[in-house]
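>>> Can you look at this prediction? I've put the sequence above it.
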Amino acid sequence: QVQLVESGGGLVHTGDSLRLSCAASGLIFSNYGMAWFRQAPGKEREFVVADNWSGTRTYYPDSVKGRFTISRDNAKNTVYLQIDSLRPEDTAVYYCAASSTLIATDEGPYEYWGQGTQVTVSS
């Protein structure tokens, strides 16, 4: 049974940094590209960042470049999302997702999803 479990969310202040983790089990982690999505209150879930199976290629939308960093440790079956200079508009539930095929900005290729971790940024 595949499981993705996010952690590291919480209540933070504007300008703070946070590192989210997503621990995977039940799959060969190094065969999967990983992504982070987020869903703010009242909005659709949106793509945040992704990397390929080796972490050598990353994909960021312009809206998060420079503040969001994805990394992974294949030995620990874990992918991380470092968020710097947090803003109130970063408030959302953050989800990790895994794809054995391709990395994309839409949800379609992602076969497995975590339950999400809440990030709340106060102004």
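Yep, it's here. Residues are numbered from 1 along each chain as shown.
>>> so which helix or strand takes in Arg72?
strand 68-73 (DSSP states H and E).
>>> From the chain's centroid, how far away is that strand?
8 Å (Cα atoms, centre = their mean, to the nearest Å).
>>> How about stretch 106-113?
12 Å.
>>> Tell me the buried residues in it?
Across stretch 106-113, burial judged by 16 or more other Cβ atoms under 10 Å covers 107, 109-110, 112-113. (Each C-beta comes from the backbone N, C-alpha and C, glycine too.)
>>> Straight-line length of that stretch, end to end?
One end of stretch 106-113 to the other measures 13 Å (Cα to Cα, to the nearest Å).
>>> ok, now stretch 32-45?
End-to-end distance (Cα to Cα), stretch 32-45: 21 Å.
>>> Nearest to the spatial middle of the chain, which residue is it?
Trp36 (2.4 Å; Cα atoms, centre = their mean).
>>> If you count contacts, what does the lowest-mean-pLDDT helix or strand in the chain end up packed against?
Sorting the helices and strands of the chain by mean pLDDT, DSSP states H and E puts strand 58-59 at the bottom, at a mean of 90. Other elements packing on strand 58-59 under the criterion 3 or more Cβ pairs under 8 Å, 6 or more residues apart in numbering; DSSP states H and E are strand 46-51.
>>> who's in contact with the strand it packs on?
Strand 46-51 is contacted from outside by 33-40, 57-61, 64, 68-72, 79, 81, 94, 103-106, using Cβ atoms under 8 Å, 6 or more residues apart in numbering.
>>> Might you report the residue contacts of the residue of the chain most remote from its centre?
Centroid-distance maximum for the chain: Ser123 at 22.6 Å, with Cα atoms, centre = their mean. By Cβ under 8 Å, 6+ apart, the residues touching Ser123 are 14, 88.
>>> on that earlier part again, my read is the residue nearest to the centre of the chain is in a helix, agree?
No - Trp36: not assigned to a helix; according to DSSP: H, G, I helix; E, B strand; the rest coil it is strand.
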